[in-house]
Structures are given as C-alpha cells and as structure tokens.
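# Sequence and predicted model, in that order:
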Amino acid sequence: MTLEYQKMKCLALTRLPGKDPGKASVDDQLTEAGDLIILKDRPMEALVRLLRTANYKLTTPIVDETGFSGNVHIRLTKANLRNIPALRKELAQAGLGLVEKRKRIEVMVITQVASSNK
C-alpha cells in the first residue's frame with residue numbers, strides 16, 4: 001500500500017460570485033429543525049466533512065476549493081445531502097457551488113493482495 005498523487009474526477013466545493021458563505025440566511029436563534037442540518041458559525045472543513053460523510057459511497061471525492069477561511073452559516077435539508085442536483089441548489093443559496101472537475105489528489109493505492117496460506 002502506498003500513497004500517490006493521481007489526477008481524478010472530483011466534486012469541488014467552490015464559491016459563487018457575489019455571495020458570502022459566512023453571511024448566508026441562517027437565523028442566529030435557529031440550531032435544529034426536524035429535517036434540516038444547520039451549520040452555524042462553523043469552519044468550512046465542517047461542511048466538507050458533512051458532505052463527504054453523507055456521500056461516502058460516491059466514487060468521486062469531494063474537495064474544498066472555496067479558499068474561504070471564515071466560518072460558514074448554512075442550512076441544508078437532510079434528504080438532499082445525497083441528491084447532488086438538489087444539494088447544488090441548496091449550496092447555491094449560500095453562495096457555494098459543487099462542480100465536477102479533474103484534480104490531482106492524494107490516494108491510497110493497494111498494489112498487492114496478501115495471500116492466506118492455511
């Protein structure tokens with residue numbers, strides 16, 4: 001097993017022009033609401049981890065290309081986390097995009113399968 005950089009298809013979380021993900025429409029008093037997941041004043045990495053965890057079965061990794069260093073305020077519908085077209089619409093409301101692109105990323109490569117001698 002080795003770690004290598006390979007160019008592969010990814011879903012890149014990006015910033016859309018004209019909107020600030022740190023000032024999205026999340027009510028400061030709102031912390032939990034039924035079928036919503038609310039990230040309030042959380043680092044961008046928390047959103048990326050949430051998207052990666054919800055979409056762990058995707059063969060396309062999710063990467064952060066926002067360049068945003070502030071905290072995000074975002075509200076997402078739980079049911080849309082695995083529905084990429086619906087997720088894109090919700091992210092756009094917060095000034096974020098999810099675009100497919102080829103990117104050089106670090107991957108684990110398994111080169112040999114151990115044989116079992118019994």
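On my side now, so go ahead. Numbers count the residues shown, from 1 in each chain.
# from here on, contacts and neighbour counts on C-alpha atoms
Will do.
# What's the separation between R104 and T66?
Look at R104 and T66: by CA to CA, to the nearest Å, they are 16 Å apart.
# swap in K101?
Using CA to CA, K101 is found at 14 Å from T66.
# who has more neighbours, those two?
Using other CA atoms under 10 Å as the criterion, K101 and T66 rank with T66 on top: 16 against 12.
# and K101, what helix or strand is that in?
Using DSSP states H and E, K101 sits in strand 96-109.
# Using neighbour counts, pick out the buried residues of stretch 2-12.
Residues of stretch 2-12 classed as buried under the neighbour-count rule (16 or more other CA atoms under 10 Å) are K9, C10, L11, A12.
# List the residues that contact the last one.
A12 sits next to I62, V63, D64, E65, G97, L98, V99, E100, K101 when contact means CA atoms under 8 Å, 6 or more residues apart in numbering.
# and the second one, what helix or strand is that in?
Translated: V63. Counting by DSSP H and E, V63 is part of strand 62-64.
# Can you give the strand pairings for the following helix or strand past that strand, parallel or anti for each?
Note on strand 62-64: by DSSP H and E, the next helix or strand toward the C-terminus is strand 71-77. Sheet partners assigned to strand 71-77 using DSSP bridges are listed as strand 36-43 (antiparallel).
# Brilliant, that's me finished.
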